[in-house]
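Let's see this in three dimensions:
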Amino acid sequence: KTLGIRNMEPAKQLNQILGQPPAISKLERLCAALGWGREFAYEATAGWVATVTCGLGEVYRIETGHHHPRTKKGEKAGRGASAEKALEELQERALKALRQKPVNLQEALSEMSRAARKGFPATILESSEAAWSKFWTLMKTLSGSSRAVGIGTEGNDGPGLPVLVQIAAPELVIIEVPRRAGSDGKLSTDLATLLEDETITKVFCDSAAQRDMKSLKLKPGDSTINLESWSVRVLGKPSGLRGLARIASLALGLRIERGSPDLEEFEHGGSASGLSDFSNQALEYAALEAYGTLKTWEALRSHAESASSAQPAKAKMKAAPAEDVDELQSIDDELQALERQLHGLDRARKRKRLDKRWRGWKSALDDELRAAGGALPWKQLCDAVVARKRACTGEAEE
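Presented below is the predicted three-dimensional model:
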């Protein structure tokens, strides 16, 4: 019986997050829990330094004055000293973050829209000639970096097109059903044109494996952005995958928690003929994913542009190094366990609600990864998939 740490008092939450020594592991867990960026470096004058990013423009530089030898053992000691001092100086900042009242993504966007006088679109449009006509008319009014859309997918269960593709513009969200009858398994001409248009930035919040982008035959480039890796340049290097909720939290200065919707509608929506085959709740969730991605990227981009203009000598910000992006894929067991707690994912409950039929190993792998928030340690994933097969088929445990 597990008590989610979100229900604890802030001080108890912090103790639960930090766990056991060493200090470097504590800082990694804290940064993973709150989405903070962290880096360590050695400087001749300051010694070992920890740099922790807690939000847009909120960067803490912690100097230790420790000058450990530049050996493997010395580097370990230096990073440990940096982490220990960072934990001491950032304790109150962490408690402040944990005291914030959690809000869901839609509430966060509504909060932001009150200042901008633009909220989450009241109407979700099904892909059609009329809907795309409105979209292209809107695009003509935008220029430069404002010509951007947020894109998400649902029911992305393997090779081929996903069940839904959501395209969010500043004032509307179009949802396409690529597998609907009569589509011949192809995207609409307008959506295909959008994906090929290099003057419009396509923003995804994708996993390290980039499944959403790959399902649409896209890859990161000048006009295609993965918010997960792009955000490293303004939010610092994370301890693991942040996810949309944590990136939005840092961008908007709120404590945003992502909901845990019932994904069965998308998993079994491959034969859907249109949006009428999905519930309003499912469609709003899908639309919110794309729209939230767009609005979060706009906030990050605006900050990056302001910071760039304020520092002419650093006007051109460097993209996140490839090794930093690769590091996002390396998430240890402790961080994954914490991630599942923070998302409030009760995987046992989800299993009971899943279709009891055994649909094959690949489907089981996708279900387990989705329930865990995107990633699991290999051994834990294997055990979960085997347990799922036994539950579905009635096999006895050996």
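
biggest strand in this structure, by residue count?
Using DSSP state E, we find that the single longest strand of the chain is strand 47-55.

Pull that strand out as PDB, backbone CA atoms only.
Written as PDB, here are the backbone C-alpha positions of strand 47-55 (Å, rounded to 0.1, in the frame of the first residue of the first chain):
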ATOM      1  CA  GLY A  47      36.500  25.300  -7.600                       C
ATOM      2  CA  TRP A  48      33.700  22.900  -8.200                       C
ATOM      3  CA  VAL A  49      30.400  24.700  -9.100                       C
ATOM      4  CA  ALA A  50      26.800  23.400  -9.300                       C
ATOM      5  CA  THR A  51      24.400  25.400 -11.500                       C
ATOM      6  CA  VAL A  52      20.800  24.700 -10.900                       C
ATOM      7  CA  THR A  53      17.900  26.100 -13.000                       C
ATOM      8  CA  CYS A  54      14.600  26.300 -11.200                       C
ATOM      9  CA  GLY A  55      12.600  28.200 -13.800                       C
END
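
Pull out the buried residues from the helix or strand just after that strand.
Reading on from strand 47-55 to the C-terminus, the next helix or strand found by DSSP states H and E is strand 58-63. By neighbour count on 16 or more other CB atoms under 10 Å, the buried set for strand 58-63 is residue 62. Glycine gets a C-beta too; all of them are placed from N, C-alpha and C.

what packs against strand 58-63?
strand 47-55, helix 72-99 (3 or more CB pairs under 8 Å, 6 or more residues apart in numbering; DSSP states H and E).

Mind putting those into CSV with mean neighbour count?
Compiled in CSV, the helices and strands packed on strand 58-63 are given as follows (neighbours: other CB atoms under 10 Å):
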stretch, mean neighbour count
strand 47-55, 22
helix 72-99, 17
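
now those as TSV including mean pLDDT and distance to residue 170?
Shown next, in TSV, are these (pLDDT from 0 to 100; distance: least, CB to CB, whole Å):
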stretch	mean pLDDT	distance to residue 170
strand 47-55	96	24
helix 72-99	94	29
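
Quick one: closest of these to residue 147.
Closest approach to residue 147 among the helices and strands packed on strand 58-63 (CB to CB): strand 47-55, 27.1 Å.

what pairs with that closest one, and is each one parallel or antiparallel?
Next to strand 47-55 in the sheet, as set by DSSP bridges, lie strand 37-43 (antiparallel), strand 58-63 (antiparallel).

and residue 125, how many neighbours?
The local packing of residue 125 (other CB atoms under 10 Å) involves 19 other residues.

With distance to residue 41 as added columns, please give the helices and strands packed on strand 58-63 in a markdown table.
Output for these, formatted as a markdown table (distance: least, CB to CB, whole Å):
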| stretch | distance to residue 41 |
| --- | --- |
| strand 47-55 | 5 |
| helix 72-99 | 9 |
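
Ramachandran coordinates for the residue nearest to the spatial centre of the chain?
Note on the chain: the residue nearest the mean C-alpha position is residue 243, at 1.7 Å, using CA atoms, centre = their mean. Dihedral pair for residue 243: phi 80, psi 160, per degrees, to the nearest 10.

Would you confirm that it contacts residue 205?
Yes: Residue 243 is within contact range of residue 205, at 7.4 Å (criterion: CB atoms under 8 Å).

what do the two both touch?
Residues touching both residue 243 and residue 205 (CB atoms under 8 Å, 6 or more residues apart in numbering) are residue 228.

How far away from the center of its chain is stretch 20-34?
Stretch 20-34 has its average C-alpha position 20 Å from the chain's average C-alpha position, going by CA atoms, centre = their mean, to the nearest Å.

Tell me the confidence at the closest residue to residue 99 other than its chain neighbours?
With CB to CB, 6 or more residues apart in numbering as the criterion, residue 99 has its nearest non-adjacent residue at 5.0 Å, and that residue is residue 10. Note for residue 10: predicted pLDDT of 88.

for residue 138, what are its contacts?
By CB under 8 Å, 6+ apart, the residues touching residue 138 are 169-172.

Okay, it and residue 148: tell me how far apart.
The gap separating residue 138 from residue 148 is 12 Å, by CB to CB, to the nearest Å.

again, but for residue 378
36 Å.

neighbour-wise, which of those two wins?
residue 148 (21 against 7).

Report how many residues lie close to the residue lying closest to the more buried one once chain neighbours are set aside.
Residue nearest to residue 148 in three dimensions, not counting chain neighbours: residue 201, with 4.0 Å by CB to CB, 6+ apart. Residues near residue 201, counting by other CB under 10 Å, number 20.

same check, this time on residue 214
13.

That one: which element?
Judged by DSSP H and E, residue 214 forms part of helix 211-215.

Need the contact partners of that helix.
Against helix 211-215 from outside (CB under 8 Å, 6+ apart): 151-153, 156, 160-162, 204, 206, 219-220, 224, 226.

can I have it written out in CSV, keeping just the CAs?
Output in CSV follows, covering the C-alpha atoms of helix 211-215 (Å, rounded to 0.1, in the frame of the first residue of the first chain):
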residue,chain,number,x,y,z
ARG,A,211,7.8,8.1,-31.7
ASP,A,212,5.3,10.9,-32.5
MET,A,213,7.6,12.5,-35.0
LYS,A,214,8.6,9.2,-36.6
SER,A,215,5.0,8.1,-37.0
